[in-house]
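Novice: Provide a 3D model corresponding to the input given below.
(2 chains)
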Amino acid sequence: MARLLKFNIFRYNPQNPESVPHMDEFVLEETDSMTLFIALNRIREEKDSSLQFDFCCRAGICGSCGMVINGRPGLACHTKTKDLPSEITLLPLPVFQLVGDLSVDTGSWFREMYNKVESWIHTNKEFDPAAEEERMENEVAEAIYELDRCVECGCCVSACGTARLRDDFLGAVSLNRVARFVIDPRDERTDKEYYEIIGNDEGIFGCMGLLACEDVCPKHLPLQEQLAFLRRKMGITAIKNLFSRKSCK
Amino acid sequence: MQTFYTDVLVIGAGLAGERAAIEAGQAGFSTICLSLVPARRSHSSAAQGGMQAALGNSAMGEGDCPDVHFEDTVKGSDWGCDQEVARLFADAAPIEMRRLAHWGVPWNRVVPGRSKYFKGGKEFEKVEKDENRGLITARAFGGTAKWRTCYVSDGTGHSVLFTVDNRCAQLGVEVHDKTEAIALIHDGDTCYGAVVRCLKTGELRVYLAKATMIATGGFGRIYPNTTNAVVCDGGGHVAALNTGVVPMGNMEAVQFHPTGIVPTDILVTEGCRGDGGTLLDVNEERFMHIYEPEKAELASRDVVSRWMTHHIREGKGVKSPYGDHLWLDIRHLGEKHITGKLREVYEICTGFLGINPIYQLIPVRPTQHYSMGGVRTNKDGAAYGLKGLFSAGEAACWDMHGFNRLGGNSLAETVVAGGIVGRKIVEYVRGAEVSFNSVVIDDAVARERSRINGLISGTHGRENVYKVRAAMQDSLNRGANIFRNDADLTACVQELQEVLHRARRVGLASDGLGANPELSAALKIEGQVKMALMVAYGALQRTESRGSHNREDYTARNDRDWLKRTLAYWRSEGDELPTLEYEPATTVFEIPPGYRGYGKMDIIPMDGQEAGAADQSGAKTGQADQDDTDPAEAKGDE
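Specialist: Presented below is the predicted three-dimensional model:
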């Protein structure tokens, strides 16, 4: 006999003046290979067609379906119900603005982040369509990709102590993004320029080192290593800045 | 109501849409992309395998050039493509890969020296040249003469999309995510933008633009089993076909990918077979080499999918509660390769199946994967029927894929076509001044408001949208799948017509307030059923077998009568069937129709072509032409 799963789901529709935040309970019979993707769609199609949640690729690739699953941020699509107890509590990710129920607005947060950290290659070179590509060691390409694997699901930000305390903290996702450009030889920014972006409490020096970011990252990115790498690099840059300022006088 | 004005409006912020938006942004035009999801979550991100471009840097790609790529593409399309377009694509692809490298894509690079590779389960050795060290390398994919698929591990689409979206952010291209275009604003002659529903608040907005582009990807979600993301539901196509004047091209050309996992239909990349993985049956024995001695597992996707289905029909499938399937075996590639170059595959298997592919077999079956058909455009990406409307990528029928696309060609198409069409949009916008007629705009908005109110208040009925959708998917799955015939397609068309009537009576069970998901589904269901009818009716009328369109009752590829493209219109809203017209598949022939080199096929030659010219030796199976020997065209994985 299959388990009966009890889902406690956060409900609130800000567009409905009569709606107040509350929890709704739904019961489903568990099926083979059931994931939260399958379960939530069944609840919407069979029990409450107004239930809001976000899925896209449903294959753990796109990062749409971050939510708080029994107290822990994670991707719903690759969460198998057989790995959970029979009572499952689902909440929207904190930090991001709520759209409704389990759906949050990650898009606006991330687009603002791209502009803050200038999430693009800074180069003065012009592209020459007739020229051979610039060479790169395969190992370098693989190291960049390792950090480029981030899916921007927002789990690390939702699990971050500092981000919960201050709205302007960049969070591990943004710092990892900066690290990705730091190791990319095509980006001509100097340490000093990176310091301007992240050499402060909104950036690398705001991190309290709790490292829940790495614990919850569904892509298992080496966030701890990146935070340490940037902290060291920015620390050294700060000292150099200090001396260069003195020598200017 | 909020009204936005922009020079260029791009519906869809995946690779094709954003690549075109970059051209417009670079030229100084204001550009807004609309997207159901944040841009980087677009389905382009799920493409694992790579992009085909004839750079010829790798040892196994030596001697490659756009001519060879062009030839592979035309053969892959089973001569259904527009050869002028395939040529434009093949020539531009290498430059585009280099441009992406300039913008920041971390392409895998040539590592000089000896290395092992697998083909058909056997190990071989290759030697990469020292002088090519650090250039963009390539891997094997199906249906190609050379190793030509540029890749970033197995996250090519993801990495390229992040790079392209970074470039958009740099240029100030706006992305309005969580928005859905539900209708185009047009006067039957020119497109002026779109009526858009905000998926954060449910409010309607108007976007007015000099040029509008549809880049919403495929429509796999009209099938029940698809590798496509939830957002690939044909919403952009629905907006286009509802104009009555914009035709869909070759909707019957639907690709099934050989390796969707069972039961969730998530794709595992063709790169698995390209890198030497094999397909096994219930006896854990290889079988593809029996049907396709030369290319075996790496024949084109249509061919491999058909042989798999054939083999299952012969009783060689593995029984499971979710139906019969076959096995994909990558164990011999080893842990380092599987957790490195095939990491996404490893994560999908362990995460969704609880299977470790280093030691265990992966259950797979052919699954709907790619829509070769879509909004018909000319070679500039301009849609037929409306001025100021463009389309590119999987949403479009541009048409470089004909009746089957090669693996690695679609992801490459997104950026190559996005670039080409983006430049054409810039030319168009430079020359265009547009007068917006407020009556046309107000009418369009009023129509959508009335549709929404009707659905909420149940004016036409209370049919459940999810049940109607399931009925459509089920019908299409039975009638318009890998093998097709007159009886099944006729029944499918009749069923879908009944489903259409039900779709017209849909009403909401919930209140429809805010970003209500049921309302989103209900707004497009009628259009989706119309698309399903275009697929099924187009397939019924096409009495031949070509590429992925495989008729059991018309097994020959008929170049005499069917070397042409279907154009499906939904002329009047209340019609019961699409109106079909036809045009020549291509007006330029660099390569006359012939044998693909794989897939056993019977060919009825074009008038004036010698009967023997297109003949292929080798046994005809009478039903499945499959001797595609090319290494599998891996397409979908990207």
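Novice: CA only for contacts and neighbour counts going forward, please
Specialist: Will do.
Novice: Longest helix of chain B, counting residues only.
Specialist: helix B:517-541 (DSSP state H).
Novice: Which residues belonging to it are considered buried?
Specialist: B:517-540 (16 or more other C-alpha atoms under 10 Å in any protein chain shown).
Novice: now it, how far from the centre of its chain.
Specialist: Averaging C-alpha positions (C-alpha atoms, centre = their mean, to the nearest Å) puts helix B:517-541 17 Å from its chain's average.
Novice: which residues touch the residue of chain B found nearest chain A?
Specialist: Residue nearest to chain A within chain B: B:Ala229 (4.2 Å; C-alpha to the nearest C-alpha). Taking C-alpha atoms under 8 Å, 6 or more residues apart in numbering or on different chains, we find B:Ala229 in contact with A:Cys56, A:Cys57, A:Arg58, B:His43, B:Arg221.
Novice: Any idea how many residues pack against the last one?
Specialist: When neighbours are counted by other C-alpha atoms under 10 Å in any protein chain shown, B:Arg221 registers 21.
Novice: still on that earlier bit, the buried residues of helix B:517-541 also near chain A: which ones?
Specialist: With C-alpha under 8 Å from any C-alpha of the partner chain as the criterion, the buried residues of helix B:517-541 include B:Pro517, B:Glu518 near chain A.
Novice: Low-confidence ranges, the stretch 151-300 of chain B, go.
Specialist: The model of the stretch 151-300 of chain B has no residue with pLDDT under 70.
Novice: The closest residue in space to A:Pro92 that isn't next to it in sequence: neighbouring residues, count only.
Specialist: Among residues not flanking A:Pro92 along the chain, A:Leu102 sits closest, at 4.4 Å (C-alpha to C-alpha, 6 or more residues apart in numbering or on different chains). A:Leu102 is flanked by 22 other residues according to other C-alpha under 10 Å.
Novice: same thing with B:Met308?
Specialist: 27.
Novice: what's the helix or strand for it?
Specialist: helix B:301-311 (DSSP states H and E).
Novice: Just want the phi and psi numbers for the one residue in chain A that gets nearest to chain B.
Specialist: When scored by C-alpha to the nearest C-alpha, chain A has A:Cys57 as its residue closest to chain B, at 4.2 Å. With angles defined as degrees, to the nearest 10, A:Cys57 sits at phi -80, psi -20.
Novice: go on, A:Leu91?
Specialist: When quoted as degrees, to the nearest 10, the phi and psi of A:Leu91 stand at phi -130, psi 150.
Novice: B:Ser42 too?
Specialist: phi -60, psi 160.
Novice: what about it, how many neighbours?
Specialist: 27.
Novice: Then A:Val20?
Specialist: 11.
Novice: same question, B:Glu125
Specialist: 9.
Novice: Is it in contact with B:Met60, as I believe?
Specialist: No - B:Glu125 is not in contact with B:Met60 according to C-alpha atoms under 8 Å; the separation is 10.5 Å.
Novice: circling back: which strands or helices does the longest helix of chain B pack on?
Specialist: helix B:235-241, helix B:438-457, helix B:465-479, helix B:486-503, strand B:564-569 (3 or more C-alpha pairs under 8 Å, 6 or more residues apart in numbering or on different chains; DSSP states H and E).
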